[in-house]
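# one predicted model, sequence on top.
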Amino acid sequence: MITTVSCMNDPRQLSIKDFTYSLPEEKIAKFPLPERDESRLLIYKRGSIIEDRFRNITRNIPANSLLIFNETKVIEARLLFKKQTGAFIEIFCLEPHEEYADITSAMLQKGKVKWLCLIGGASKWKHGQRLVKEIFANNSTILLTASFIEKRPDLFVIELSWTPTELSFAEIIHFAGQIPLPPYLKREVEKEDNERYQTVYAREPGSVAAPTAGLHFTDKIFGALAEEGIELDRITLHVGAGTFKPVKAHRMEGHEMHAEWIDVSRNTISNILEHLHMVVAVGTTSLRTIESLYWFGVICRHSSLNATDRLHLSQWTPYEIKTERTVENALQDLLTWMDKVKLDRLVARTSLLIAPGYDFRIVKGLITNFHQPESTLLLLVAAFIGEDWRKLYQYALDKDLRFLSYGDGSLLWKN
């Protein structure tokens, strides 16, 4: 039985101001290094910090470990429309309208699609006015039209339609849009970004931000991992704009985590079950997905859900539910439910907030970059290694490591 309680380690009363540090502008990596695996790598374990290069990461991971990568692909989510007056309207496509079952379904729509968006220059867009953009691709002209449907508190509902209608939205946005670089880079997209702001293993379109820990990996590293008997597996979490959303609330209870789509195969869940001794998450997105699986297992055991129900893990569920379910049992519960409703893949939404007080169930190691002050990503790191996050970040600053998306990386072992 699941009971709702007020947990002692509930992070709702945490102040985000306790998770800050001074990040000089010159420490932010504005451009990628010439070679992905030339990034520096800090390794944290039981309070000690050593330094290496990312190309040598294999020698720092035990054999028989399971590394899990997020194979999401960044979409060209920024669409610029020019009005007849010369003014520009920017439409930032955040996520599909809720009428679609998942991101993949929306990306495959032909002729038209509804999307939840941010609008730059919204005051210049009169209601009822359509925006039209001509795109030249594959030796033909594509007409893309944007129609204002609805205004919501934090975003807009926009319908995008196009001719020829046989093209999918995935094709349209690829031809028409721009890669959405993180705003803290404070520069325009360059040709190099189209390749370097994607992982080499990106496959499933849907993110508006890259899973940046994966940007360091190369085919050479994958070869070295295989030689050492380190197993690889992949999940998908489509990163939303919430990853850049600053925490403005004084206490974490006032911060709302945006839900993000995850897609995990039955085989991957079984693989995790077989490697519980050493699961390493490549990136915070992989970690949040993996940890969400435990809670989905707990939920499925005690709910009458069918295959068409939309599973959603709220940000506070782990802090409200008291359960003694083991990881093995919870993951097996999830697999049993998937078998019952005949699902080979778990497609669900997670808003899981990982902050100090969170009890990690599955992940033992985390590969990640260095994150912004007062961010939910920094909260996750603090939850994983405790107060030593301050020592780690001060070391990185003192040793001139490069920060944020195009910056250097770290390999952290859970305290």
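Arrived safely, thanks for sending.

# number of residues surrounding Leu144?
By other C-beta atoms under 10 Å, 21 other residues sit near Leu144. In this view, the C-beta of every residue, glycine as well, is placed from N, C-alpha and C.

# please apply the same query to Ile57.
There are 24 residues near Ile57, going by other C-beta under 10 Å.

# now swap in His371 and tell me
Other residues close to His371 by other C-beta under 10 Å number 24.

# measure it to Leu378 for me?
Separation of His371 from Leu378 (C-beta to C-beta, to the nearest Å): 5 Å.

# do Met278 as well
Met278 is 25 Å from Leu378, by C-beta to C-beta.

# pick out whichever of those two has more residues nearby.
Neighbours were counted for Met278 and for Leu378 using other C-beta under 10 Å; Leu378 has more, 22 against 18.

# do you know the pLDDT at that one?
Looking at Leu378, its pLDDT stands at 96.

# am I right that it is in a strand?
No. Per DSSP: H, G, I helix; E, B strand; the rest coil, Leu378 lies outside any strand segment and is helix.

# distance check, it against Ser123.
34 Å.

# same question for Asn329.
Counting by C-beta to C-beta, the gap from Asn329 to Ser123 is 54 Å.

# just Gly297 next, same as before
Separation of Gly297 from Ser123 (C-beta to C-beta): 47 Å.

# among these two, which residue is more densely surrounded?
Regarding Gly297 and Ser123, a neighbour count based on other C-beta under 10 Å identifies Gly297 as having more, with 24 against 7.

# what strand or helix carries the more buried one?
helix 284-301 (DSSP states H and E).

# partner strands of whichever helix or strand comes after that helix, parallel or antiparallel?
Next in sequence after helix 284-301, counting helices and strands by DSSP H and E, comes strand 312-313. Each strand that pairs with strand 312-313, with its direction, by DSSP bridges: strand 345-350 (parallel).

# can you pull the contacts of the residue positioned nearest the centre of the chain?
Taking C-alpha atoms, centre = their mean, the centroid of the chain lies closest to Val239, which sits 3.3 Å from it. For Val239, the contacting residues are Thr72, Val74, Ser207, Val208, Ala209, Ala210, Pro211, Glu260, Thr285, by C-beta atoms under 8 Å, 6 or more residues apart in numbering.

# quick one: the helices in the chain?
103-107, 169-176, 193-196, 219-227, 266-274, 284-301, 317-320, 327-340, 376-385, 388-398 (DSSP state H).

# average pLDDT for the longest one, rounded please.
For helix 284-301, the per-residue pLDDT values average out at 96.

# can you tell me which helix or strand of the protein has the lowest average pLDDT?
Lowest by mean pLDDT, DSSP states H and E among the helices and strands of the chain is strand 3-4, with a mean of 37.

# Throw the contacts of Val239 into TSV and include distance to Ala176 and neighbour count, thanks.
Output for those, formatted as TSV (distance: C-beta to C-beta, whole Å; neighbours: other C-beta atoms under 10 Å):
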residue	distance to Ala176	neighbour count
Thr72	20	33
Val74	15	23
Ser207	17	27
Val208	15	25
Ala209	19	22
Ala210	20	28
Pro211	24	29
Glu260	24	25
Thr285	26	30
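
# ok, Thr285 - contacts?
Taking C-beta under 8 Å, 6+ apart as the definition, contacts of Thr285 comprise Asn70, Thr72, Pro211, Leu237, Val239, Glu260.

# any chance of those in JSON lines, with pLDDT too?
Shown next, in JSON lines, are these (pLDDT from 0 to 100):
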{"residue": "Asn70", "pLDDT": "98"}
{"residue": "Thr72", "pLDDT": "97"}
{"residue": "Pro211", "pLDDT": "96"}
{"residue": "Leu237", "pLDDT": "96"}
{"residue": "Val239", "pLDDT": "93"}
{"residue": "Glu260", "pLDDT": "93"}
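
# which one of the residues you listed is nearest to Tyr197?
Relative to Tyr197, the closest of the contacts of Thr285 is Pro211; by C-beta to C-beta it sits at 10.7 Å.

# I figured Pro116 hits Glu95, correct?
Just to correct that, residue 116 is Leu rather than Pro. Yes. Between Leu116 and Glu95 a contact is recorded at 5.2 Å, counting by C-beta atoms under 8 Å.

# looking at those two, which is more packed in?
Comparing Leu116 with Glu95 by other C-beta under 10 Å, the one with more neighbours is Glu95, at 24 against 20.

# and the more buried one, how far from Gly206?
8 Å.

# where do the contact lists of these two overlap?
Common neighbours of Glu95 and Gly206, using C-beta under 8 Å, 6+ apart, are Ile103, His238, Trp261.

# and which of those residues is nearest Lys186?
Closest to Lys186, out of all of those and judged by C-beta to C-beta, is His238, at 25.0 Å.

# which residues touch the closest one?
So His238 contacts Thr72, Glu95, Ile103, Glu204, Gly206, Ser207, Glu260, Trp261, Ile262 (C-beta under 8 Å, 6+ apart).

# once you drop chain neighbours, what's closest to it?
Of all residues not flanking His238 in the chain, Gly206 sits nearest, at 3.6 Å (C-beta to C-beta, 6 or more residues apart in numbering).

# which pLDDT value belongs to that neighbour?
Taking Gly206 on its own, its pLDDT is 94.

# burial of it, as a residue count?
Neighbours around Gly206, by other C-beta under 10 Å: 25.

# what does Trp413 give?
17.

# report the contact partners of it.
Tyr44, Lys45, Arg46, Lys364, Gly365, Ile385.

# go again with 10 Å.
43-46, 48, 60, 278, 280, 364-366, 384-385 (C-beta atoms under 10 Å, 6 or more residues apart in numbering).

# show me what it is bridged to.
In beta-bridge terms (that is, DSSP bridges), Trp413 pairs with Gly365.

# one more: Thr236?
Asp263.

# that one and Thr199, how far apart?
12 Å.

# more neighbours, the two?
Thr236 (27 against 24).

# isn't that one up against Arg203?
Yes. Taking contacts as C-beta atoms under 10 Å, Thr236 lies within contact range of Arg203: 8.2 Å.
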